[in-house]
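In: starting from these lines, generate the structure:
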Amino acid sequence: MELVSRIGRELQSRYTFDQLYSYLAAFSVPRLIDGPTNSKWSYTKAALESQPVEIIVEIAKDLDIEPPGTVAFEEVDKPAKPPQIWQKTTQFKLFISHIARDKDKATRLKEALAEYAISGFVAHEDIHPTLTWQDEIERGLYSMDAMIAVHTKGFSQSYWTQQEIGFALGRNVKVISLKMGEDPTGFISKHQALARRGRTAAEIAPVVNNLLHSDERTRERLEISQSKALSRVETIEMEPELAALVQHQHRIDYEAAGPKAAVDGFIYRGVQIESRWAVKSELNALRRIVEALPENIVRRIMMIWCDANAQAVFTVYVRKGEYIPQLSEEVAAAVSAETSGHNGISIEEFDSEPGTPSLDTIDPSWGDSPQ
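Out: Predicted coordinates for the structure are as follows:
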């Protein structure tokens, strides 16, 4: 395979044998017990001959080696569907361009942005091993709503990241440059970069959210994503006078519920968190509740919702077929520990038919009530 040979030549020119072993191990390529010892080029070919194409392409990307026969993204027919991670999402789609060795930084940013209904695409984390690497990247580039480029040292020297930037500019997609050790180069250098300034991913995420809200190319799409509610609403007809009164009462209830958050809800630890009135204190409490739950319980929950208008009534939606009795116990304990009490908890199966009985109900409990 020509690409493997080129990788071998490049590694031979850069590293000693010990450094070569360590480099390949970073891509989960095991060290050969009886591999060639007279040539790093020969050793690399032997080590990679049984590896999946996706691993080989990933190493080539890290070394800035263009695969033979590669054509520019704009010359490829537009894929019919987005990458797997975005096929069922209604969230804002943000392509996170990064170099391979700094995928951990890109992943932390992706996790922090999830709270703002922003779904980040990190190639090294979000491409399933059985999928063709470059095809999934192309799908991400064609379907992204915006891009953020993580400018760590070496970013500007990468053929792959520069091609991703060029693709975004060709589509007139908003590109945010996050400066993390290197200044942006080329066409995007004329725009002011977002400096890290020692901030964590959690501190940078709201700044990115504000930048997307301030750009007319991304504002509407982001607002739609952040206003999406998973709960179903029944539509009824009523006289205009009654509808006006209901709307007036709605406004009163909304204002009385307390200070509001910037979004109606967000995803944390894989759980959709929502408050009836987007009350900031409730969303914070719901996040603490999810944080308190053990991993084997969190992965079973699709959404947790709080109704301030009913004085702290919680609804927990469980993934289909994932309910276990321990879930009710853990949820009740977490809610009691992280709030002053509640007016009842309902455990429901997500997306069940109307009229389906609850999986479980937990009676109201207040910390200061007599035992």
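In: residue 111 against residue 201, yeah?
Out: Yes: taking Cβ atoms under 8 Å as the definition, residue 111 is a contact partner of residue 201 at 7.0 Å. Every C-beta, even on glycine, is put in place using the N, C-alpha and C of the backbone.
In: can you give me the buried ones in stretch 89-105?
Out: Buried positions in stretch 89-105, judged by neighbour count with 16 or more other Cβ atoms under 10 Å: 91-100, 102-103, 105.
In: which one in those residues is the model shakiest on?
Out: When the buried residues of stretch 89-105 are compared by pLDDT, residue 100 scores lowest at 84.
In: all strands of the stretch 251-371 of the chain, in order?
Out: Secondary structure of the stretch 251-371 of the chain (DSSP state E, counting those that start in this stretch): strands located at 265-268, 271-275, 301-307, 313-318, 341-342, 345-349, 360-362, 365-366.
In: mean confidence for the fifth one?
Out: Spelled out, that is strand 341-342. Confidence over strand 341-342, taken as the mean pLDDT, stands at 81.
In: paired strands for that strand, with orientation please.
Out: Take DSSP bridges as the rule and strand 341-342 pairs in its sheet with strand 365-366 (antiparallel).
In: starting at the chain centroid, how far to the partner strand?
Out: Distance, stretch centre to chain centre, for strand 365-366: 35 Å (Cα atoms, centre = their mean, to the nearest Å).
In: now stretch 13-28
Out: Here the centre of stretch 13-28 is set off from its chain's centre by 30 Å, with Cα atoms, centre = their mean.
In: and the end-to-end length of it?
Out: 21 Å (Cα to Cα, to the nearest Å).
In: and that stretch, which residues are buried?
Out: By 16+ other Cβ under 10 Å, the buried positions in stretch 13-28 come out as 15, 20, 21, 23, 24.
In: mind putting these in CSV, distance to residue 319 and pLDDT included?
Out: Below are those laid out as CSV (distance: Cβ to Cβ, whole Å; pLDDT from 0 to 100):
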residue, distance to residue 319, pLDDT
15, 46, 88
20, 44, 89
21, 42, 89
23, 40, 88
24, 38, 90
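In: where along the stretch 51-200 of the chain do the helices fall?
Out: 53-62, 103-113, 123-126, 133-143, 159-170 (DSSP state H, counting those that start in this stretch).
In: quick check: closest non-adjacent residue to residue 101.
Out: Nearest residue to residue 101, sequence neighbours excluded (Cβ to Cβ, 6 or more residues apart in numbering): residue 62, at 6.6 Å.
In: and if you look at residue 221?
Out: Spatially, and ignoring its direct neighbours in sequence, residue 221 is nearest to residue 145 (5.2 Å; Cβ to Cβ, 6+ apart).
In: ramachandran angles for the closest residue to residue 352 other than its chain neighbours?
Out: Among residues not flanking residue 352 along the chain, residue 320 sits closest, at 7.9 Å (Cβ to Cβ, 6+ apart). In terms of degrees, to the nearest 10, the main-chain angles of residue 320 are phi -60, psi 120.
In: count the residues that sit near residue 320.
Out: Residues lying near residue 320 (other Cβ atoms under 10 Å) number 11.
In: swap in residue 280?
Out: Using other Cβ under 10 Å, residue 280 is surrounded by 15 other residues.
In: again with residue 145
Out: The number of residues packed near residue 145 is 20, by other Cβ under 10 Å.
In: please apply the same query to the one 3 residues further on.
Out: Residues within reach of residue 148, counting by other Cβ under 10 Å, total 28.
In: could you check the angle helix 53-62 makes with the helix or strand where residue 21 lies?
Out: Secondary structure assigned from DSSP states H and E places residue 21 in helix 17-25. Per axes from the mean of the first three to the mean of the last three Cα atoms, to 10 degrees, the angle that helix 17-25 makes with helix 53-62 is 120 degrees.
In: tabulate the CA atom coordinates of helix 17-25 in CSV.
Out: Coordinates of each C-alpha in helix 17-25 appear next as CSV, following Å, rounded to 0.1, in the frame of the first residue of the first chain:
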residue,chain,number,x,y,z
PHE,A,17,13.1,3.1,17.1
ASP,A,18,12.0,3.8,20.6
GLN,A,19,10.2,7.0,19.6
LEU,A,20,8.6,5.1,16.7
TYR,A,21,7.2,2.5,19.1
SER,A,22,5.7,5.2,21.3
TYR,A,23,4.3,7.1,18.3
LEU,A,24,2.5,4.1,16.9
ALA,A,25,1.3,3.1,20.4
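In: list the contacts of the residue nearest to residue 101.
Out: Contact analysis of residue 62 by Cβ atoms under 8 Å, 6 or more residues apart in numbering lists 27, 99, 100, 101.
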